[in-house]
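K.L.:
sharing a model prediction with you, sequence too.
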Amino acid sequence: MNFLISFCLNNRITVILLTIALAVIGIFVIKNTPVDVFPELKVPRVTIQTESSGLTAEEVEQYITIPISSAMNGTAGVKAVRNSSGNGLSFVWVDFDWDTDIYRARQIVTERLAAVRDSLPEGVSPELTPIVSVTGEIMLIALTGDKDTSPLDMRQLAEYKLRNRLLGIPGVGQITVLGGRLPEYQILYDPNRLKQNKVDLNELKTAITESQSTIPAGYLEDVAGQELPIQQDSRMMNLEQIRRAILPGHPSGTIRVEDVASVSIDGAPRRGDAGFMQEDAVILSIQKVPGANTLALTQAVDDAVKEFSQSQLPKGMKLHTNAYRQSDFIEMSLENGMETLLIAGAVVMIVLFLTLLNVRTALITLISMPLSVLFGMAMFPLFGLAINIMTLGGLAVAVGDVVDNAIIFVEIAWRHLNRNAALPPEQRKSKYEVLMKAKGEIIGSISFSSVIILLVFTPVLFLSGLEGQFFRPLGISYMLALLASLIVAVTITPVLCYIWFKKSKNEATRESGDSFSARLIKRVYTPLLDLCMKFSKTVCAVMAAITLLALWLGSSFGTSFLPPFNEDCYTVFVSTVPGTSLDETTRISRQAMKDIQHIPGVLSVAQRTGRAENDAHAEPVSASELLVRVDLKQDQKKLREEIKKRIDNIPGTSSMIGYPLAHRISSALSGSNSEIAINIYGTDLPQLRLAAQKAREILSSMPEVADARANREIMVDTVRIQYNPEALAAYGLTMANAAEQVSTAMNGQKLGEVIKNQDHWNIVLRQEPNLRASMDDVKNLELISPDKRSVKLDDVAHVYKEEISNLILRDNTMRKAMISCNPAPDSNLGDLAQACREKLDPVMNAMGCTVDYDGTIKARESASQRLYLLGSIVMVLIVLLLSSALGSVRRAMLTLVNIPLCLVGGIVAVFLASPETLSSLFGDSYIPPILSVASIVGFVTVIGFAIRSGLILLNRYRDLEHQGRSLEDAIREGSQERVVPIIMTSLTTVLGLLPLIWAIDKPGGELLGPLAIVQFGGLVSATILNLLIIPATAKLFGRWISARRKELIKKDV
């Protein structure tokens, strides 16, 4: 370090030119750095989705889900295999270790899946869902039409034209389309017409499938020197061709498809519906690939939609790109983040000018701030960082700290240069010698303090899971800025001091070496210091009592995972009783949409009911999701309460309200949209259902709980068909043949496709709708035997109603029921978890079930445990470093007195920052403040800042003792010398945090505000108490920490 500073002072022009060049490179790098709202959230999860239309949940579980899950269990790197079996749909989620590459994980799953495909039912094809980001749903586009526009036309346009256009945009990972009616060629047969024409179902199928063949015919090798390919038109391409298709080889003459069935284009059976602003709509959900730039991608989608609207959108249709836009939240967050960063910088500038009262010293210190931030951001690409609210937050937190090293050096250099100027000419030293002496006095302290702060931040780097992906970029960006500030402090700062510093014209300043502000600070501080040293025992006792009181207060605080995001959109879930039809659920959700839409402050409402084809969200037709965009200028608490009030008034429904990003994160953590997912495990399915309902009753009665939901863990009515093999044999039928006819009649069978450019329309055979509308229609369904005889299904099978499982869940081979809930408004995640464990676990255990808590509660507990463990390890390392720096383990332990000092301020700040908590001081009921993971990170990081101040003091005490001062004189003189840099560094950091605190209720300030509150309070208390308690403690335990300890002990002897 000595060589580096000496080199810089001797090569000043080179250092300045190199600094300018690096700044220009940094600006260029920053301009090309990706921009997003949050760090990229990546869950190493592979989702296997299997459509099996017509199968019940129990059939799906036995024949599809269990074989696939069994193939995945035991795979290298797999930590959990979860699955869900519903009517006609299977999902298997394979979770890998957090450090697993997603492409490697997909390769492993694909290899395992290949081994089990042959054992699955015919026609069932499991697929891996596309790779998308956790928060990857960046946009919803709604397509609406006038009264003359048919749902078929809207869906056709959205599915085959607009979707394909948008999928061509780089960065788009998946687009799901919901709403309207997906067009298909429907061949609806009439059993009576089949019987009249003596045609069985297989002959009708053969006529259609053989008209859909694509057979190559080769080519003519040489026709007049030319090669001619041969193309056969052997596929039906329109309605008329399908109608006129002939059933070959029939003895009664030429029979066509239209003789036994009606052929038309109509909508396929739906499992979902959509609406926008009370109108029927087709909604396209745009999801990005991991790593895509959301803002740039949204702009590209907007441009494509605008071009599509001008060139291909038919009259009467309209595209709405404002149904949901994640980019709005990102832009607001980044705008607030940049504003906060600039305000913090401005605050630091003002503080420096007011404290230094010297333009040159202030400018030298200020130059270090943008250079440190710029150099730190220039290193973002090396660590895979983007510009987002967390990296900007790390820089905002660092704004006050990056000038600290420069402040300490400049302040001491200024003092030494002025003292040197006050000496007689023959005793004066050169600027180079003075600056090198100033450096030698402080370089050890700032180097060690920087290392300690970097060490304190290391636990944040080792957070795992989503919490690690959130806070790790904040830690890295802060550390990069701090490292850059240390480099700036020992390179360009000494050079600027050499060039710009001149002796002060103020006589008092020259004699003392201090500015007016510094003299004022010392004038106020000195009597307080004397008082604390005089009553050192009393001061220490009072401080111990205050610390205990603060810790007692902190023990009452509640806990959460992440604070709620200030999004401009709410997600409202409205669920009806499982088994409710799609039409009825749509009617109810449209009523909810109408009620919400008329609330002042609501900008738009989009409705999604059920699920889209091939959608990875396994929502039943009884569930609806409303995306409600709101005006953030309105009172959000009152607006949310009004929305909740409106939907709670809808009879026969359960509801929940939250935010899109929060729900995506909860879903990624546990598969539930709620903060807490309670998994109840058992072997007996009926017992699990009883346990789930009992758990829901218990949770609903608890005041800490809101939105308790378990209504998907119930039985629903189904129609069961039990075949009589003997009765079937009398008609020459087998159970397989009869089951196939029933499946074709009721569920339909795809027999081919009509391909028109990029449009692929299915050709589906099923029975006439009026013959499959009721229970009696099922019983009267006619089966046709191979010899053309017909028999009613009721004559060869027992057809009856029974109850079956609506949904079957498994977790690592164990069946489970899942109950989800959220903390009530006056509760918190930690208190809710404790209450659940006290009241729920004993009841579930008595019923033979085990309970596990998943979701954000598990993530919070994991993050807290990891932070506390790593924090303890870091504290040991810090003690070792301090022992090395101070030359004594006892001195190092004395430095740790600052830890409870900063905890006191952090706890008090959290208490005072909560309006609900403050009201308890005036007689209202006590609502504890909430500590999120962001707050805990704040407590961890503020410790390093507090230790730095103690290190600066104790290091100076030691140096003065070595120069011959008594311990008490060393304490008094050292404290007076260091009070100015300590206050200045703390003041710049503390006031630089204020903009983050002010922005806590704005988009982008949700995570940084709680962290800043803790740091603000911790630094204020640590700074004030450090300057008073450390000297008192040092005097009280003087003989144990003295640099001349052995000499003092010998005297006593």
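P.N.:
Nice, thanks for sending it over.
K.L.:
count the neighbours of Gly1004 for me.
P.N.:
Counted with other CB atoms under 10 Å, the neighbours of Gly1004 add up to 30. From N, CA and C alone the C-beta is placed, and that goes for glycine too.
K.L.:
can you tell me the closest non-neighbouring residue to Pro121?
P.N.:
Sequence neighbours aside, Tyr63 is the residue nearest to Pro121 in space, at 5.3 Å (criterion: CB to CB, 6 or more residues apart in numbering).
K.L.:
what's the burial count for that neighbour?
P.N.:
17.
K.L.:
just confirm it is within a helix.
P.N.:
Yes. The assignment for Tyr63 by DSSP: H, G, I helix; E, B strand; the rest coil puts it in a helix.
K.L.:
okay, it: pLDDT?
P.N.:
Per-residue pLDDT puts Tyr63 at 91.
K.L.:
okay, and the closest residue to Val897 other than its chain neighbours sits in which element?
P.N.:
Once flanking residues are discounted, Val897 sits nearest to Thr1033: 5.6 Å by CB to CB, 6+ apart. Element membership of Thr1033, judged by DSSP states H and E, is helix 1008-1036.
K.L.:
so for that helix, what gets flagged as buried?
P.N.:
1008-1023, 1025-1036 (16 or more other CB atoms under 10 Å).
K.L.:
which ones are touching the residue nearest to Val897?
P.N.:
536, 540, 894, 897 (CB atoms under 8 Å, 6 or more residues apart in numbering).
K.L.:
going by distance to Thr576, which of those residues wins?
P.N.:
Val897 (60.9 Å; CB to CB).
K.L.:
quickly note the distance from the closest residue to Ala76 other than its chain neighbours to Ala824.
P.N.:
Spatially, and ignoring its direct neighbours in sequence, Ala76 is nearest to Ile108 (7.2 Å; CB to CB, 6+ apart). Applying CB to CB, to the nearest Å, the value for Ile108 to Ala824 is 42 Å.
K.L.:
more neighbours, the two?
P.N.:
Ile108 (19 against 15).
K.L.:
before we move on, the earlier item: OK, contacts around the residue nearest to Pro121?
P.N.:
55, 120-121, 124.
K.L.:
quick one, which of those residues are buried?
P.N.:
Counted by 16+ other CB under 10 Å, the contacts of Tyr63 give 55, 120, 124 as buried.
K.L.:
ok so the last one is a strand residue?
P.N.:
No. Judged by three-state DSSP, Val124 forms no part of a strand; its state is coil.
K.L.:
okay, and the helix or strand of the protein with the least pLDDT?
P.N.:
Across the helices and strands of the chain, mean confidence by mean pLDDT, DSSP states H and E is lowest for helix 507-512: a mean of 44.
K.L.:
helix or strand next in line after that helix, which one?
P.N.:
Toward the C-terminal end, the helix or strand that comes next after helix 507-512 (DSSP H and E) is helix 516-534.
K.L.:
and the strands in the stretch 301-450 of the chain, which stretches?
P.N.:
With strands called from DSSP state E, counting those that start in this stretch, the stretch 301-450 of the chain shows them at 317-325.
K.L.:
could you list the low-pLDDT ranges of it?
P.N.:
For the stretch 301-450 of the chain, the stretches with pLDDT under 70 are 355-358, 399-401, 440-442, 444-445.
K.L.:
residue ranges of each domain in this protein, please.
P.N.:
1-26+358-512, 33-129, 133-182+269-330, 184-267+743-791, 523-555+858-1053, 569-600+613-716+807-848 (automatic domain parsing).
K.L.:
the contacts of Thr1033, buried ones only, as a ChimeraX selection?
P.N.:
Those of these that count as buried under 16+ other CB under 10 Å are selected in ChimeraX with:
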select :536,540,894,897
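K.L.:
would CSV of the contacts of Thr1033 with pLDDT, secondary structure and distance to Arg256 be doable?
P.N.:
CSV is the format used below for the contacts of Thr1033 (pLDDT from 0 to 100; DSSP: H, G, I helix; E, B strand; the rest coil; distance: CB to CB, whole Å):
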residue, pLDDT, secondary structure, distance to Arg256
Ser536, 83, helix, 108
Cys540, 84, helix, 103
Leu894, 76, helix, 99
Val897, 74, coil, 96
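K.L.:
on that earlier part again, tell me how far the residue nearest to Pro121 lies from Ala57.
P.N.:
11 Å.
K.L.:
now do Ile936
P.N.:
41 Å.
K.L.:
just Phe516 next, same as before
P.N.:
80 Å.
K.L.:
who has more neighbours out of the two?
P.N.:
Ala57 (22 against 14).
K.L.:
helices of the stretch 701-850 of the chain, start to end?
P.N.:
Using DSSP state H, counting those that start in this stretch, the helices of the stretch 701-850 of the chain run over 725-729, 735-746, 775-779, 793-796, 829-839, 841-846.
K.L.:
so how far is the fourth one off the chain centroid?
P.N.:
Looking back up the chat, that one is helix 793-796. Distance of helix 793-796 from the chain centroid (CA atoms, centre = their mean, to the nearest Å) equals 55 Å.
K.L.:
buried residues in it?
P.N.:
Under the neighbour-count criterion of 16+ other CB under 10 Å, helix 793-796 has 793, 796 buried.
K.L.:
now what about it, what contacts it?
P.N.:
721, 723-724, 727-728, 731, 733, 738, 742, 778-783, 799.
K.L.:
same thing but at 7 Å, please
P.N.:
Helix 793-796 has contacts (CB atoms under 7 Å, 6 or more residues apart in numbering) with 723-724, 727-728, 731, 738, 742, 778-781, 783, 799.
K.L.:
now swap in the first one and tell me
P.N.:
Defining contact as CB under 7 Å, 6+ apart, one finds that helix 725-729 is touched by 734-735, 738, 795-796.
K.L.:
rewinding a little: need the max-distance pair from the contacts of Tyr63.
P.N.:
Once CB to CB is applied, the contacts of Tyr63 give Leu55 and Leu120 as the farthest pair, at 11.2 Å.
K.L.:
now Val542: which helix or strand?
P.N.:
Val542 is located in helix 536-554, with elements delineated by DSSP H and E.
K.L.:
just checking, what packs against that helix?
P.N.:
Applying 3 or more CB pairs under 7 Å, 6 or more residues apart in numbering; DSSP states H and E, we find helix 536-554 packed against helix 898-912, helix 1008-1036.
K.L.:
give me the buried positions along it.
P.N.:
536, 539-540, 543, 546-547, 550, 553-554.
K.L.:
so how far is that helix off the chain centroid?
P.N.:
Helix 536-554 sits 39 Å away from the centroid of its parent chain (CA atoms, centre = their mean).
K.L.:
direction included, what does the helix or strand just after it pair against?
P.N.:
Using DSSP H and E, the next helix or strand after helix 536-554 towards the C-terminus is strand 558-559. Next to strand 558-559 in the sheet, as set by DSSP bridges, lie strand 930-931 (parallel).
K.L.:
packing partners of the helix or strand just after the strand it pairs with?
P.N.:
Reading on from strand 930-931 to the C-terminus, the next helix or strand found by DSSP H and E is helix 933-962. Contacts defined by 3+ CB pairs under 7 Å, 6+ apart place helix 933-962 against helix 431-461, helix 856-886, helix 889-895, helix 898-912, helix 967-998, helix 1008-1036.
K.L.:
next, the buried residues of helix 933-962.
P.N.:
Judged by neighbour count using 16+ other CB under 10 Å, the buried positions of helix 933-962 are 933-961.
K.L.:
and that helix with helix 898-912, angle?
P.N.:
140 degrees (axes from the mean of the first three to the mean of the last three CA atoms, to 10 degrees).
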